[in-house]
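# sharing a sequence plus its predicted fold:
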Amino acid sequence: MPVVADAGYGDATGFREGLTERGLTYAVAVKATTTAYPGDARPERPPYSGQGRPPVSAYPQPHTTLRALALATGQTATRTITWRQGSKATKRNPNADMRSQFLSLRVRPANRSIRRSADGSLPECWLLAEWPHDAAEPTDYWLSTLPANTPLRELVRTAKIRWRVEHDYRELKEGLGLDHFEGRNYLGWHRHVTLASLAQAFCTLLRLDPKAPAPA
């Protein structure tokens with residue numbers, strides 16, 4: 001399962017680089033101002049004059065932002081994606097489908113801290129942008145290292161799964177007592193967290209069991 005995170009982590013280049021170094025894929029939220037090149041951009045090596053240090057490969061054009069790349073692509077490139085069912089049904093949406101419009105682009109995040117390949121090229125990844133039909137520009141952005149052949153629906157589902165993490169944490173705290181611990185030693189804290197986590201795992205298994213008589 002890919003690592004998911006909000007922009008507090010996703011905007012940290014070192015965090016994304018650390019995940020890649022560990023062989024972990026990710027889909028993390030980032031700011032619209034994150035700098036990048038288009039996916040098809042290629043570095044070029046200037047001709048060597050024969051004097052001084054030979055020039056290194058570099059991108060001939062300056063980098064831009066994720067916002068600019070998305071706007072240049074245009075809202076006509078978006079597709080409507082439903083990623084899950086919510087809890088607020090309406091007359092216009094009786095199934096409470098969570099849906100919006102998204103576009104995906106291959107980009108190369110540009111940052112001095114990002115490790116380049118031998119030819120000077122930056123690593124390529126997905127840019128996912130949510131662009132509601134009634135918005136003048138995208139409202140949310142993600143970078144993802146899921147494979148290049150990943151369908152848009154899968155990109156959206158992965159990026160949006162972070163709500164599940166937040167839901168589980170809230171359930172752990174409010175429903176299963178994770179934040180009720182008042183001890184002062186590590187052993188007691190460890191036992192408390194372990195039991196709360198096991199209780200949540202048990203509830204999750206009940207929810208996923210098709211033979212369960214009632215929702216857990």
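Thanks, I have the structure now. These numbers come from a predicted model, not from an experiment.

# which strands and helices sit next to the lowest-mean-pLDDT helix or strand in the chain?
Taking mean pLDDT, DSSP states H and E as the measure, the chain has helix 162-170 as its least confident helix or strand, at a mean of 74. In terms of contacts (3 or more CB pairs under 8 Å, 6 or more residues apart in numbering; DSSP states H and E), helix 162-170 is packed against strand 3-5. For every residue, glycine as well, the C-beta is placed using N, CA and C.

# re the thing from before, buried sites along the least confident helix or strand of the chain?
Within helix 162-170, the residues that count as buried by 16 or more other CB atoms under 10 Å are R162.

# do you know how far the nearest residue to F181 once chain neighbours are set aside is from V165?
Computed as CB to CB, 6 or more residues apart in numbering, the closest residue to F181 that is not its neighbour in sequence is H192, at 4.4 Å. Distance, H192 to V165, using CB to CB, to the nearest Å: 20 Å.

# go on, L127?
On the measure of CB to CB, L127 and V165 end up 22 Å apart.

# follow-up on the earlier one: what does the average pLDDT come to for the next helix or strand after the least confident helix or strand of the chain?
Next along the chain after helix 162-170, taking DSSP states H and E as the criterion, comes helix 186-208. Mean per-residue pLDDT for helix 186-208: 86.

# swap in stretch 21-36?
Mean predicted lDDT for stretch 21-36 stands at 96.

# return the set of buried residues in it.
T25, Y26, A27, V28, A29, V30, A32, T34, A36.

# same question for stretch 113-130.
In stretch 113-130, counting by 16+ other CB under 10 Å, buried: L122, E124, C125, W126, L127, L128, A129, E130.
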